[in-house]
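[1] Mind folding the following:
(one chain, ligands or ions: 1)
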Amino acid sequence: MNKRIIKDGISWLGAIDWERRLFDALIPLPDGTSYNAYLVEGTEKIALLDTVEPMKKDVLLAQLQDVPKIDYIVIHHVEQDHSGTLPDVLEMYPDAVVLTNKKAQAMLVDHMPVDPARIRLVEDNETVSLGGRTLQFMHMPWVHWPETMVTWLAEDKILFSCDFMGSHVATSDLFVKDKGVVFEAAKRYYAEIMMPFRKLITNHLKRLDELDIELIAPSHGPIYDEPEWIMNAYKQWTDDVPKNEVVIPYISMHGSTQRMVEYLVGSLAARNVRVHPFDLAVTDIGKLATALVDAATIVIGTPTVHAGPHPNVFYATHLANALRPKLRFASVIGSYGWGTQAVERIASLIPNLKVELLNPVMIKGIPTKNDYQALDNLAQAIADKHKTFLKD
Ligand code: FEO
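    As a prediction, the model looks like this:
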């Protein structure tokens, strides 16, 4: 992909990674992704904002062939998908200076061969003039690492937001066209890497509310030309009020836990509670993370293996605990052969979740009439609990 003009003197550079299917050997990328860099030209200076994933460095270097000089390279975030080509760009432009913050400086030097003498530190809110255009750096830790910052270009009303509000989508659209696709991808992105820092993000959003933003240019996915659309989505995702929704990550070895889950799904749906079951034998873990953004309750379904939960359930429970969603209630259901400590072990895995534990339903063998009644009772308890915070 060639450079693309956003407006006179401001271009998108970067690479679309159509085929990538996994990030950090952890996060599924069903729609690929992009690594966005931006070129901002003033009357006196030229700045490159971020670089690209090292495996795509040839794409960026080719886009820079007709750029005779770069004065500044802004590094918003040290993760390799944005900073990994920095050594190559510095080699190409021996007079270029890296602009970044103190935390990022240390991390850059730790992660790649960059001469610290070529780095100039910028403080929160500091400005650097390019001539007719002014870069203002705003430190915004934890979107996505502790060193992350964003750049506000006041003259053009553009926020270069790095990972913040980004989406893993490979698309030829420079600006958001398909809101359905981008909403889902941006929500998944928030869920997978930003949800643990909800409170901080709320403060960042308040800061951004003070700006008259016309474009949000993230480092993944298309540019937002309706900034309030993605900012409002983030405000809803990060607020403290969950929705009338239940997430059920589960796995079944011989069908009994599966039957219990299916019954509970129906019982909750009959009480107008929205349910998202995820069979952990086959599920895309990113979809589970996305469902956790809004859910009020998690019900973990597990058979008993060596007295505890199934290993896949350990994994999913650890993930839910690490992501710190706004869950308020939790329970466990499942079947065992002769004895179980699954409930106790699952409870010990979720110290970060400030949830009220609702009565579990653990049964021996296949479910009977009394067991189904217990599941109805659990569904009713969940529906009643949800009514305590629902506005409609
Ligand atoms: Fe897109 Fe945190 O890197």
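[2] Look up how far Ala233 lies from the nearest residue to Cys162 once chain neighbours are set aside.
    Of all residues not flanking Cys162 in the chain, His76 sits nearest, at 3.9 Å (CB to CB, 6 or more residues apart in numbering). Backbone N, C-alpha and C define where each C-beta goes, glycine included. For His76, the distance to Ala233 equals 21 Å [CB to CB, to the nearest Å].
[3] Between those two, point out the one with more neighbours.
    Neighbours were counted for His76 and for Ala233 using other CB atoms under 10 Å; His76 has more, 29 against 17.
[4] which residues sit in contact with that one?
    His76 makes contacts with Leu49, Asp50, His82, Thr100, Ala104, Thr148, Met149, Val150, Thr151, Phe160, Cys162, Ser219, as judged by CB atoms under 8 Å, 6 or more residues apart in numbering.
[5] Distance of it relative to Asp212?
    21 Å.
[6] tell me which parts of this structure are close to the ligand?
    His77, Glu79, Asp81, His82, His144, Asp163, Ser219, His220 (CB under 6 Å from any ligand atom).
[7] mind listing what Arg324 touches?
    Arg324 touches Met195, Pro196, Arg198, Asn352, Leu353, counting by CB under 8 Å, 6+ apart.
[8] Now which of those residues would you call buried?
    Met195, Arg198, Leu353 (16 or more other CB atoms under 10 Å).
[9] And the pLDDT at the second one?
    Per-residue confidence for Arg198 comes out at a pLDDT of 95.
[10] shouldn't it be in contact with Asn352?
    No: if you go by CB atoms under 8 Å, Arg198 and Asn352 don't touch, sitting 12.0 Å apart.
[11] coming back round to it: what about the residue nearest to Cys162, which SS state?
    coil (DSSP: H, G, I helix; E, B strand; the rest coil).
[12] how about stretch 139-152: buried residues?
    For stretch 139-152, by 16+ other CB under 10 Å, it's His139, Met140, Trp142, Val143, His144, Trp145, Glu147, Thr148, Met149, Val150, Thr151, Trp152.
[13] In three-state terms, how would the closest residue to the second one other than its chain neighbours be classified?
    This points to Met140. Nearest residue to Met140, sequence neighbours excluded (CB to CB, 6+ apart): His204, at 4.9 Å. Three-state assignment for His204 (three-state DSSP): helix.
[14] Look at His204 and say how many residues are nearby.
    His204, neighbours per other CB under 10 Å, totals 23.
[15] What does the pLDDT read for it?
    98.
[16] Hmm, Phe164 and it touching each other?
    Yes: look at His204 against Phe164 with CB under 8 Å: they come within range, at 7.1 Å.
[17] Now for the two: what residues contact both?
    With CB under 8 Å, 6+ apart, His204 and Phe164 have common neighbours Met140, Val143.
[18] mind listing the helices for the protein?
    57-63, 80-83, 86-92, 102-111, 179-189, 198-209, 227-238, 256-270, 285-292, 311-323, 342-348, 369-387 (DSSP state H).
[19] Could you export the first one as PDB, CA atoms only?
    Think helix 57-63. What follows is helix 57-63, C-alpha atoms only, in PDB (Å, rounded to 0.1, in the frame of the first residue of the first chain):
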ATOM      1  CA  LYS A  57       9.700  -2.500   7.500                       C
ATOM      2  CA  ASP A  58      10.200  -2.700   3.800                       C
ATOM      3  CA  VAL A  59       6.700  -1.300   3.200                       C
ATOM      4  CA  LEU A  60       7.400   1.800   5.400                       C
ATOM      5  CA  LEU A  61      10.900   2.400   4.100                       C
ATOM      6  CA  ALA A  62       9.500   2.300   0.500                       C
ATOM      7  CA  GLN A  63       6.900   4.900   1.500                       C
END
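[20] who's in contact with that helix?
    1-3, 13-15, 37, 51-52, 84-85, 88-89, 92.
[21] Give the residue spans of the protein that score low on pLDDT.
    Within the chain, the ranges that satisfy pLDDT under 70 run 391-392.
[22] Tell me how it divides into domains.
    With domains defined by automatic domain parsing, the chain comprises 4-238, 246-386.
[23] What separates the first and last residues of the shortest one, distance-wise?
    Read it as domain 246-386. 10 Å (CA to CA, to the nearest Å).
[24] do stretch 51-58 as well
    Termini of stretch 51-58 sit 11 Å apart (CA to CA).
[25] now it, how far from the chain's geometric center?
    Its chain's C-alpha centre and that of stretch 51-58 lie 21 Å apart, by CA atoms, centre = their mean, to the nearest Å.
[26] do the same with stretch 331-339
    33 Å.
[27] Could you list the buried residues of it?
    Those would be Ser331, Val332, Ile333, Gly334, Ser335, Tyr336, for stretch 331-339 by 16+ other CB under 10 Å.
[28] possible to save the buried residues of stretch 139-152 as a markdown table with distance to Tyr190?
    Formatted as a markdown table, the buried residues of stretch 139-152 follow (distance: CB to CB, whole Å):
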| residue | distance to Tyr190 |
| --- | --- |
| His139 | 20 |
| Met140 | 14 |
| Trp142 | 12 |
| Val143 | 10 |
| His144 | 10 |
| Trp145 | 15 |
| Glu147 | 19 |
| Thr148 | 14 |
| Met149 | 19 |
| Val150 | 16 |
| Thr151 | 20 |
| Trp152 | 21 |
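[29] out of the residues you listed, who's nearest Ala185?
    Ranked by distance to Ala185 (CB to CB), those are led by His144 at 15.4 Å.
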